[in-house]
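# Whatever this is, show me its structure:
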Amino acid sequence: MELRTVEQVRLGEVLIGGNRNGSRKASLPSAQALLLVLTAAWAVLSLIDAPYPALAPLQNLPTLAVTLLLWLALRHWPMPTSAVICVSVFLVLHTIGGRYIYSYVPYESWLATLGLPSVDVALGLGRNSWDRLVHFSFGLLLVHPISCWLIRHRGMAASLGVYIAVEFVFAGSALYEVFEWLLTMFMAGSDADAYNGQQSDIWDAQKDMALAGSGAIVTALWLRLRAYFQLSSQV
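Numbering: from 1, shown residues only. As a prediction, the model looks like this:
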C-alpha cells in the first residue's frame, strides 16, 4: 500500500503532495506568483531610461536572478505569503536604490512633491540615506522569511530559528560589504565611488552593518513578543 502525505501550510494556503521518492514540489499560490512577477517587472522597468545606465544594470540585474531562484525555491519549500511579501518589499526598495545608484535617489524631491517635510533636515542626516534605509530593511524584512524556512523545513524551534536568522543577517551584511569592496577594487575610480555609495563616509560599511543588525533585532523581538502573547492567550 503506497503511503502519501499531505501537508497543509496555513499562511501560504498551499497543499503539498508527497510522492514515492519523498521529493515535494508545489505550484505557487496566485498571490505569491503575482508578487514575484511584479518584483521582476519592477527590476526590468528600473533599467528603462535609467539616469546612470552604466551602473544601474550591475545593481538591478541580479534582482531578476534572485526572483527566479525564489520562484524555484518556493516550489520545493513553500512559505507563507507574509514571508514572500517581506522579500519582495526588500527587493523593490533595493531596485529603487539601484536605479539611482543609491547615492542619488531623489526621495527629498518626492517628499516635497507630496507636501511632506524633509527627512534629511528633520533627522540632520546631511547625506542621501536611501542606502541606510535598505540596509536597515535587509535586517527588518528578512528575519521573518529566514526563520520561517528554518522552522518549517528544518524543524527548528521557533526561538532557535529566529536567533539563527538574526545571525544570518549580521553575517550576510558583513559578507556583502566585503564583496562590495572587492568589486570596487577592480572598477575605475569614479565608477567605484559611485557604485560603492560611500559618500565620503569612512565608517559607511560599519554603519550599514549596524543598521542591518538593528533591523534584524527589531523583527526578532517582535516575533518573540508575538509568540509570547499568542501563547499567553491560549493559557
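
# Report the distance from stretch 158-170 to the chain centre.
Relative to the centre of its chain, stretch 158-170 is centred 15 Å away, using C-alpha atoms, centre = their mean, to the nearest Å.

# Kindly export that stretch (C-alpha atoms) in PDB.
In PDB, the C-alpha atoms belonging to stretch 158-170 read as follows (Å, rounded to 0.1, in the frame of the first residue of the first chain):
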ATOM      1  CA  ALA A 158      10.900  29.000  16.900                       C
ATOM      2  CA  SER A 159      13.400  30.700  19.200                       C
ATOM      3  CA  LEU A 160      16.400  29.000  17.600                       C
ATOM      4  CA  GLY A 161      15.200  29.800  14.100                       C
ATOM      5  CA  VAL A 162      14.800  33.400  14.900                       C
ATOM      6  CA  TYR A 163      18.200  33.500  16.500                       C
ATOM      7  CA  ILE A 164      19.900  32.000  13.500                       C
ATOM      8  CA  ALA A 165      18.100  34.300  11.200                       C
ATOM      9  CA  VAL A 166      19.500  37.300  13.100                       C
ATOM     10  CA  GLU A 167      23.000  35.800  12.900                       C
ATOM     11  CA  PHE A 168      22.500  35.300   9.200                       C
ATOM     12  CA  VAL A 169      21.700  39.000   8.700                       C
ATOM     13  CA  PHE A 170      24.800  40.000  10.600                       C
END
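
# you'd agree S88 is up against L35?
Yes. S88 lies in contact with L35 (C-beta atoms under 8 Å); the separation is 4.7 Å. Quick note: C-beta positions are derived from backbone N, CA and C, even for glycine.

# how many other residues sit next to A210?
The burial count assigned to A210 is 17, neighbours taken as other C-beta atoms under 10 Å.

# can you confirm it is in a strand?
No. Counting by DSSP: H, G, I helix; E, B strand; the rest coil, A210 is not found in a strand; it is helix.

# so what's it up against?
With C-beta atoms under 8 Å, 6 or more residues apart in numbering as the criterion, no residue contacts A210.

# How about the one 5 residues further on?
The neighbours of G215, taking C-beta under 8 Å, 6+ apart as the test, are H135, F136, S137, F138, G139, L140, L141, V143, V169.
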